[in-house]
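Asker: Pasting a predicted model and its sequence here:
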Amino acid sequence: MRPHRPGPTRLAQSILMRPISYEKLRPMVEKSLEKKQHILHAATLLLHEQGLQKLSFENVAKQAGLSRQLVRYYFGELDKLVAELCDHLAGAYRNILVSGIADVRRVERLDFFLDFLFGLSDEYAMLEYLEVYDAMVAYSVGSLEMRNRMCLQYKTLGDVIQHELGIVHPELDERACQELSYLFVSMMHAHWSFVATLGHTSDHGKLTRQAIDRLIASYLANPKSVDGLERPWARRD
């Protein structure tokens with residue numbers, strides 16, 4: 001009697017059930033990640049050079065030197081591309097901060113954070129393409145996902161600043177540190193909008209940085225919370 005041979009369906013099922021080692025998949029995964037990074041970098045350059053009004057799959061593909069179909073393969077919707085671009089840029093800034101923290105090697109790191117985020121750190125410069133964040137904020141007007149993504153990233157930065165304020169100024173209560181963190185992040189965003197997008201000189205970073213120190217001093221002199229504000233960082237329902 002001849003041995004039974006599985007038909008095409010059973011053969012396909014048996015192949016699919018075989019374990020596939022990560023070593024075999026890794027080149028494909030790495031190539032896919034590299035391609036996505038290339039597309040995100042192209043989208044960054046497009047927003048940097050031509051602005052939000054030129055953002056489209058066609059223009060991103062042209063900037064990347066790829067086909068529109070391939071860009072759509074990795075990012076099916078424009079919202080998904082912009083959301084991942086937001087995370088991509090945030091990760092780049094985070095890597096610089098982590099490197100700086102490792103080199104600072106002290107408990108009190110508030111001055112380093114403030115200097116870096118206002119472009120005053122000699123060893124750790126801010127990345128280019130800061131105006132791209134303005135474009136993403138503008139894009140958030142019509143995208144709830146993007147709005148939530150941006151708010152989460154800014155709030156995360158605010159939490160870091162709040163933590164550092166509490167270490168350097170333990171006499172400030174949690175509410176005061178929360179209010180200062182919100183004021184800092186909003187001033188930082190406005191500063192870079194004026195410098196990167198509107199073309200004011202980067203020397204204004206010194207002005208804004210000193211204003212932050214004065215603001216902290218005012219809270220130390222009078223830490224009373226703002227009346228009528230339920231809680232800092234609250235959002236509309």
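Answerer: Looks like it arrived, so ask away. Everything quoted here is computed from the prediction, not taken from an experiment.
Asker: Alpha carbons of stretch 127-142, as CSV, please.
Answerer: Taking C-alpha atoms only, stretch 127-142 is exported to CSV below (Å, rounded to 0.1, in the frame of the first residue of the first chain):
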residue,chain,number,x,y,z
LEU,A,127,18.1,68.2,16.7
GLU,A,128,17.2,70.1,13.6
TYR,A,129,13.7,70.0,12.1
LEU,A,130,12.0,71.5,15.2
GLU,A,131,9.4,73.2,13.0
VAL,A,132,8.2,69.7,12.2
TYR,A,133,6.6,69.7,15.6
ASP,A,134,4.6,72.8,14.7
ALA,A,135,3.4,70.9,11.6
MET,A,136,2.3,68.0,13.8
VAL,A,137,0.5,70.3,16.2
ALA,A,138,-1.4,71.8,13.3
TYR,A,139,-2.1,68.3,11.9
SER,A,140,-3.6,67.5,15.3
VAL,A,141,-6.5,69.8,14.7
GLY,A,142,-8.1,67.2,12.4
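Asker: and it, how far from the chain's centre?
Answerer: The chain centroid and the centroid of stretch 127-142 are separated by 10 Å under Cα atoms, centre = their mean, to the nearest Å.
Asker: which of the residues in it are buried?
Answerer: Tyr129, Leu130, Glu131, Val132, Tyr133, Asp134, Ala135, Met136, Val137, Tyr139, Ser140 (16 or more other Cβ atoms under 10 Å). Backbone N, C-alpha and C define where each C-beta goes, glycine included.
Asker: Pro223 in helix, strand or coil?
Answerer: Under DSSP: H, G, I helix; E, B strand; the rest coil, Pro223 falls in the coil class.
Asker: Do you know the pLDDT at it?
Answerer: pLDDT, Pro223: 76.
Asker: can you pull the pLDDT of Ser14?
Answerer: Confidence score, pLDDT, at Ser14: 54.
Asker: got it, and His4?
Answerer: His4 is given a pLDDT of 53.
Asker: what are the ranges of the strands in this structure?
Answerer: Counting by DSSP state E, no segments of the chain form strands.
Asker: For it, just list every one of the helices.
Answerer: Counting by DSSP state H, the chain has helices at residues 8-17, 22-50, 57-64, 68-74, 78-104, 110-117, 131-139, 144-168, 174-192, 204-221.
Asker: ok so, going back, closest one to Asp87 out of the buried residues of stretch 127-142, please.
Answerer: Met136 (10.7 Å; Cβ to Cβ).
Asker: Skipping its backbone neighbours, what lies nearest the closest one in space?
Answerer: Of all residues not flanking Met136 in the chain, Cys86 sits nearest, at 5.5 Å (Cβ to Cβ, 6 or more residues apart in numbering).
Asker: All set, thanks.
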